[in-house]
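Novice: 3D model of this:
(one chain, ligands or ions: 1)
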Amino acid sequence: MTKAFLGIDVGGTNLRFGVFDEDRLLASYQIEWNLHQRCAEASSEQAPQLVVEALASGYHRLREQCPEIQGVGVAFPGFINGQGVLLQSPNLPQLLHFPLEQALQETLQVPVLLENDANAAAFGTYISEKAHDPHLQDLIYAGLGTGVGGGWIHQGRPWRGENGAAMEIGHLIVVPGGRRCGCGNQGCLEQYASAQGLVSSYLEISGMAADPKIIAQLARDGNPQAQQAFGILAEHLGQALAHLTKVLDCREIRVGGGLSQAWDCFGDTLQQKLQKYMIPALSDTVQLMPGNGDDQAGIWGAASLARALLFP
Ligand SMILES: [Zn+2]
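Specialist: Got it, this is the predicted structure:
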């Protein structure tokens, strides 16, 4: 029997489930589930149990189709330590210091691995790239979605740091005294390079509200205000990525997340900005590209990490 692993990607508004064998998606399932709202409506005692039950129901549903599931990887937004404890999830104050990995393992009765969502997406991207470049060991990942997440795959594994907070690149301050951020600071990258950041930039420039898809279409049609909003995103993201290359000396950079589908609106400018801010002698050594563009990096990364770490 093939060894199959379930990857679960816990997003702000959706839960995604995918069962994979070595390199194939065997079955998948997705439900709309507003994590922030559900947790906010529950008490601090109920919220952890609600999350466990939601994940368990998806597991049981797919288990009927794929009884060969050997283990489960969960990509979750927040700081996760080496013991699988969710230390803090910035937008979910109800889940402070919650041993989610252990709670799920006890409920599902299979081995579970918990990973930060951006790290899991970084690992999923890394595994896809490694299929074409077997020597690949290090990769920087930036995920542009509701927020901005980051991951650094170092020597084939996500780098978590002491408190699971490594590569929180969305909270690098790129505009001192700039837009207010949910983390309590001002001028964080997330406020300029996320979907919400793009919307805020466009609103500031044009005085009009529009969602990211419309702003992308306007930019493609030559609207200078929409192009300027993407220019702001590229300027700050390019600067932040250049800083990272100076700290990590890593030559592969991939940009994923929902906004990466608008790569044609900002990719060239991002490339120029990255080169502008890098150490000049090294500026042509970096490979900056969009990720594979689908939204499977999270479930694929979570399932692949479970395979790699639960049964090494
Ligand atoms: Zn912040």
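Novice: how about the residues of this protein near the ion?
Specialist: Residues of the chain that fall close to the ion, judged by C-beta under 5 Å from the ion: 171, 181, 183, 185, 188. Yep, even glycine has a C-beta here, placed from its N, CA and C like the rest.
Novice: Please render the residues you listed as JSON lines that adds distance to Gln217, secondary structure and pLDDT to the earlier fields.
Specialist: What follows is these, written out as JSON lines (distance: C-beta to C-beta, whole Å; DSSP: H, G, I helix; E, B strand; the rest coil; pLDDT from 0 to 100):
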{"residue": "His171", "distance to Gln217": "30", "secondary structure": "helix", "pLDDT": "93"}
{"residue": "Cys181", "distance to Gln217": "28", "secondary structure": "coil", "pLDDT": "91"}
{"residue": "Cys183", "distance to Gln217": "31", "secondary structure": "coil", "pLDDT": "82"}
{"residue": "Asn185", "distance to Gln217": "32", "secondary structure": "coil", "pLDDT": "92"}
{"residue": "Cys188", "distance to Gln217": "27", "secondary structure": "strand", "pLDDT": "96"}
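Novice: Buried by neighbour count, from those residues: which ones?
Specialist: Those of the residues of the chain next to the ion that meet the buried threshold are 171, 181, 183, 188, by 16 or more other C-beta atoms under 10 Å.
Novice: now the last one, nearest residue through space, not along the chain?
Specialist: Setting aside the residues directly before and after it, Cys188 is nearest to Cys181 in space (C-beta to C-beta, 6 or more residues apart in numbering), at 4.0 Å.
Novice: so the one you found touches Glu190, yeah?
Specialist: Yes. A contact is recorded between Cys181 and Glu190 when judged using C-beta atoms under 8 Å, the distance being 6.1 Å.
Novice: Now the common contact residues for those two.
Specialist: With contacts defined as C-beta atoms under 8 Å, 6 or more residues apart in numbering, the residues shared by Cys181 and Glu190 are His171.
Novice: in the chain, which helix or strand is least confident?
Specialist: Using mean pLDDT, DSSP states H and E, the weakest-scoring helix or strand in the chain turns out to be helix 35-41, at a mean of 88.
Novice: And the contacts of the following helix or strand past that one?
Specialist: Scanning the chain past helix 35-41 towards its C-terminal end, the next helix or strand to appear is helix 46-65 (assignment: DSSP states H and E). Under the contact criterion C-beta under 8 Å, 6+ apart, helix 46-65 has outside partners 6, 8, 10, 15, 17, 19, 26-29, 31, 33, 35, 38-39, 42, 69, 72, 74, 92, 94-95, 98, 100, 103-104, 107-108.
Novice: Of those residues, select the buried ones using a PyMOL command.
Specialist: A single PyMOL command is used to select the members of those judged buried by 16+ other C-beta under 10 Å:
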select buried, resi 6+8+10+15+17+19+26+27+28+29+33+35+38+39+69+72+74+92+94+95+98+100+103+104+107+108
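Novice: among the contacts of helix 46-65, which are in helices?
Specialist: With helices identified by DSSP state H, the entries of those that belong to them are 35, 38-39, 100, 103-104, 107-108.
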